[in-house]
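Peer 1: Give me coordinates for this.
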Amino acid sequence: MSKAILPAILLTLAAGAAQAQNVHVNPTNGFIAQAVKVPAGSETLYVSGITPDPVPGAPAATPFGDTKTQVISILTKIQGIMKAQGYELSDSVMMRVLLVGDPAKGGGMDFAGMMEGYNQFYGPLKNKPARITSQVAALVRPGMYAEIEVQAAKAPAK
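Peer 2: Below you'll find the model as predicted:
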C-alpha cells in the first residue's frame, strides 16, 4: 500500500467515526424507540433521577401538582441539565420513568398524564429514547407522583 493512500484511508475512517450517530429503532414512529444503538466512542451523560419542584399555592394534598404537571417540571429540569452539558433532548437514548399511584385515579399510575407531559418535550422529536415506565409504591416525598432519569449519548466533540 502506498504511503499516500494510508493517510487518506485513515482520514476517511476518522471522519466517519466523528459522524457516527445514534440509531433509534422506531419503525412505526411511536412514542418511544424499540431500541437505540450507540456507536463506540460516543460521549455519554447520565442524568440522575429528577423529581418535580413544588407548585406555588398548590393544595397540601398535591404540593407538586398532578402527574402531568410533575412530568413537565421534571423534563424542564432535565432539559436544562442536558443543555448545560452540551446535549439536546434528541440525544436521549434511555429513559426510566417511575410513577406513584395517583389517589385521584384510584391508586393507579396516571400513564395518560405522564404521556401528555412527555409528548410536550419528546413528541415533536424524530429521535425518541428507549423507555421503561413503572409504578412504584412511593417516592422521596409525599405527593410526588413522578421521577425520571435519562441517559444520553452523542458523537464526541472535536
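
Peer 1: So for the top helix by length along the chain, what gets flagged as buried?
Peer 2: Secondary structure of the chain per DSSP state H: the longest helix is helix 67-84. By 16 or more other CB atoms under 10 Å, the buried positions in helix 67-84 come out as 67-79, 81-82. Where C-beta positions appear, they are placed from N, C-alpha and C, glycine not excepted.

Peer 1: Sketch out the low-pLDDT regions of this protein for me.
Peer 2: 1-20 (pLDDT under 70).

Peer 1: where do the helices sit along it?
Peer 2: Using DSSP H, helices in the chain cover 5-19, 67-84, 111-122.

Peer 1: Assess the claim that residue 27 and residue 34 are in contact.
Peer 2: Yes - contact criterion CB atoms under 8 Å: residue 27 and residue 34 qualify, at 7.4 Å.

Peer 1: With neighbour numbers in mind, choose between those two.
Peer 2: Between residue 27 and residue 34, counting by other CB atoms under 10 Å, residue 34 is the more crowded of the two (12 against 7).

Peer 1: which residue packs closest to the more buried one, ignoring adjacent ones?
Peer 2: Spatially, and ignoring its direct neighbours in sequence, residue 34 is nearest to residue 25 (4.7 Å; CB to CB, 6 or more residues apart in numbering).

Peer 1: Who does the one you found form a beta bridge with?
Peer 2: residue 35 (DSSP bridges).

Peer 1: ok, it - how many residues close by?
Peer 2: With other CB under 10 Å as criterion, residue 25 counts 11.

Peer 1: now the angle between helix 111-122 and the longest helix of the chain, please.
Peer 2: When axes from the mean of the first three to the mean of the last three CA atoms, to 10 degrees is applied, the directions of helix 67-84 and helix 111-122 differ by 30 degrees.
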